[in-house]
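Q: coords please:
(one chain, ligands or ions: 3)
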Amino acid sequence: MSAILMDGKALSAKVRGKILEETHRLEQTGVRPGLAVILVGEDPASQVYVRNKEKACVECGFYSEKYVLPAETTQDELLGLVDELNHNERIHGILCQLPLPKQISEEAVIAAIDPKKDVDAFHPSNVGRIMIGDYDFLPCTPAGVMELLDEYGIDPKGKRCVVIGRSNIVGKPMSMLLLHRHGTVTICHSRTENLAEICREADILVAAVGRANFVTPDMVKPGAAVIDVGMNRVDGKLCGDVDPAVAEVAGYMTPVPGGVGPMTITMLMKNTLKAAQK
Ligand SMILES: NC(=O)C1=CN([C@@H]2O[C@H](COP(=O)(O)OP(=O)(O)OC[C@H]3O[C@@H](n4cnc5c(N)ncnc54)[C@H](OP(=O)(O)O)[C@@H]3O)[C@@H](O)[C@H]2O)C=CC1
Ligand SMILES: Nc1nc(=O)c2c([nH]1)NC[C@@H]1CN(c3ccc(C(=O)N[C@@H](CCC(=O)O)C(=O)O)cc3)C=[N+]21
Ligand SMILES: [Mg+2]
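A: Residues are numbered from 1 along each chain as shown. Ligands and ions are numbered 1, 2, ... in the order given. All right, here's what the predicted structure looks like:
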């Protein structure tokens, strides 16, 4: 048996095509969606992400600005830029790439972004709204995973869903979106006991750990949908959190690259369009 690969690249192309149509419609009213991306320091993974985001902006017809700041940037300097972008009328979405250097508080920067321009949906008020189920912006990576599940006809309703990872940017919001869709959700983390056993019960297993080949075939229920959020560099090569051998057990699986990554960026485009439409 070999899992059906969930093609995030193909689905992204489809969704980006629809976004481009919406962009053209919005332009009739004199508004072009604008996204500002801030990158502090030279994290190589972040640079790939920023490059892919620029390409996506072109595909969606957006205006975009990129700010590359040195690793020594102070918190006040960064907050100054955020404030400027909050007031810049060409910019509808602001994304500050995480992680930030040690001298800068991520919480302070996230809180400084105007919630109406917070296309990551990381601001506490947007996070709160997601908890309640009353939101404008969905968090990009979890939203991308949900669109992939929908595209392949995988409905979380009533199903055992296991999320490995509890970060604010992936694990926690992922669990919340699965819960909204009536999944029975278990969140695992580094202190979880009997992790493999818990994972083996999952109909939908999401790996957001940040460790290459963490999920092995013995941890997967035959036929399960296995979603690989991981983006790890091993000897210069990009690989996920899921051992490729899992494809022999799983029913569905997302590849890395070409799975969740492109969908994350597409959801960022969707949020930016939405911000511009408001
Ligand atoms: N495809 C995409 O669009 C995106 C991909 N990523 C990638 O996803 C991965 C996760 O990112 P992120 O959530 O930010 O990472 P974090 O490092 O913030 O979180 C990792 C989580 O995994 C848990 N964990 C670590 N080791 C173990 C273990 N041995 N057993 C069980 N749980 C463990 C941690 O537990 P604890 O809380 O106890 O420490 C933590 O909750 C990374 O590879 C990142 O690059 C991230 C964002 C978007
Ligand atoms: N404020 C903030 N928001 C984020 O959403 C955020 C962040 N910071 N920090 C870093 C992580 C990581 N992340 C990725 C998204 C897409 C790809 C991506 O495009 N992946 C391609 C890579 C292909 C290639 O190698 O070019 C793929 O999987 O096919 C990678 C990584 C978003 N993150
Ligand atoms: Mg920091």
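
Q: so Pro142 lies in a strand, does it not?
A: No. Assigned with DSSP: H, G, I helix; E, B strand; the rest coil, Pro142 falls outside any strand and is helix.

Q: could you say which helix or strand holds the nearest residue to it once chain neighbours are set aside?
A: Distances taken as C-beta to C-beta, 6 or more residues apart in numbering place Met174 nearest to Pro142, at 4.1 Å, with adjacent residues excluded. Where you see a C-beta, it was placed from the backbone N, CA and C, and this is true even at glycine. According to DSSP states H and E, Met174 maps onto helix 171-180.

Q: do Ile187 as well
A: Using DSSP H and E, Ile187 falls in strand 184-188.

Q: what's the first helix or strand after that strand?
A: Per DSSP H and E, the helix or strand that comes after strand 184-188 is helix 195-200.

Q: spatially central residue for this structure, please.
A: Thr141 (1.9 Å; C-alpha atoms, centre = their mean).

Q: tally of neighbours for Gln103?
A: 12 (other C-beta atoms under 10 Å).

Q: and what of Thr186?
A: Thr186: 17 neighbours (other C-beta under 10 Å).

Q: give the contact list for the residue nearest to it when sequence neighbours are not counted.
A: Excluding its sequence neighbours, the residue lying closest to Thr186 (C-beta to C-beta, 6+ apart) is Val162, at 4.9 Å. For Val162, the contact set (C-beta atoms under 8 Å, 6 or more residues apart in numbering) comprises Val185, Thr186, Ile187, Cys188, Ile198, Cys199, Glu201, Ala202, Ile204, Leu205, Val206.

Q: top of the residues you listed by number of neighbours, please.
A: Of all the contacts of Val162, the highest neighbour tally under other C-beta under 10 Å goes to Val206, namely 32 neighbours.

Q: roughly how far apart are whatever residue of the stretch 151-278 of the chain ends up closest to ligand 2 and Val15?
A: Relative to ligand 2, the nearest point of the stretch 151-278 of the chain is Gly261 (2.3 Å; C-beta to the nearest ligand atom). Remark: distance between Gly261 and Val15 (C-beta to C-beta, to the nearest Å) = 14 Å.

Q: which one of these two has more residues nearby?
A: Higher neighbour count among Gly261 and Val15: Gly261, with 26 against 20, using other C-beta under 10 Å.

Q: now do the same for the residue nearest to Thr186: helix, strand or coil?
A: Quick answer, by three-state DSSP: Val162 is strand.

Q: and the pLDDT for it?
A: At Val162, the predicted lDDT confidence score is 99.

Q: likewise Asp43?
A: At Asp43, pLDDT is 76.

Q: you'd agree Leu79 is in a strand?
A: No. Going by three-state DSSP, the assignment for Leu79 is helix, not a strand.

Q: spit out the contact partners of Ala111.
A: With the criterion set at C-beta under 8 Å, 6+ apart, Ala111 makes contact with His123, Pro124.

Q: hmm, who's touching the lowest-mean-pLDDT helix or strand in the chain?
A: Ranked by mean pLDDT, DSSP states H and E, the weakest helix or strand in the chain is helix 44-59, scoring a mean of 86. By C-beta under 8 Å, 6+ apart, the surrounding residues in contact with helix 44-59 are 16, 20, 35, 37, 39, 63-64, 66, 95, 97, 231, 233, 261-262, 265-266, 268-269.

Q: how about it and ligand 2, touching?
A: Yes. Under the criterion of C-beta under 6 Å from any ligand atom, helix 44-59 makes contact with ligand 2 via Ser46, Val48, Tyr49, Asn52.
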